[in-house]
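[1] I would like the atomic coordinates for the input below:
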Amino acid sequence: MKEGKKIEIINKSTNKKLIAEAMGINRKNIYHKQLMDIKDQKVKSNIEDTFITHPSYGHRRLGLELDANHKRILRVMHKYNLKPPRLLVPEKVYNKIRSNISGKLCQFVKENRFDGP
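    Numbering: from 1, shown residues only. From the prediction side, this is the model:
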């Protein structure tokens, strides 16, 4: 069948057998809803709620908080691209703090040279 004819059949027909045949898939897959997606949506909303109260929690601590497996939490976080809000601070801020601390440490060591025992 030509592509245009397939689309026409899918749009006009209510017969599931014709639709499945035109799409080239098995008829049972038209009715199938993945349960994992529904469960993942619930876990996603729980994770987002927890991030409001505990922004620094990672996948392991979220697993303990939500009474779920940490691997499942991590899979859902990857699936929906969820990251703890603490990780959303720009890298420049960390570098500025790091360089400031290391500069002060070097200054302290230079000023307070200790002679040997």
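[2] Can you give me the buried ones in stretch 44-58?
    For stretch 44-58, a neighbour-count test (16 or more other Cβ atoms under 10 Å) marks K44, N46, I47, T50, F51, Y57 as buried. C-beta here means a position set from N, CA and C on the backbone, and glycine is covered the same way.
[3] contacts for that stretch?
    R61, L62, E65, L66, I73, V76, M77, Y80, L82, P84, P85, R86 (Cβ atoms under 8 Å, 6 or more residues apart in numbering).
[4] So which of these is the closest to N11?
    Of all the contacts of stretch 44-58, Y80 has the smallest distance to N11: 31.3 Å, by Cβ to Cβ.
[5] can you tell me which residues contact that closest one?
    D40, K44.
[6] Distance check, it against D40.
    The spacing between Y80 and D40, counted by Cβ to Cβ, to the nearest Å, is 8 Å.
[7] Equivalent analysis for D67, please.
    Distance from D67 to D40, counting by Cβ to Cβ: 16 Å.
[8] Between those two, which is the more surrounded one?
    Taking other Cβ atoms under 10 Å, D67 and D40 do not tie; D40 has more neighbours (16 against 7).
[9] which residues touch that one?
    With Cβ under 8 Å, 6+ apart, D40 has these contacts: V76, K79, Y80.
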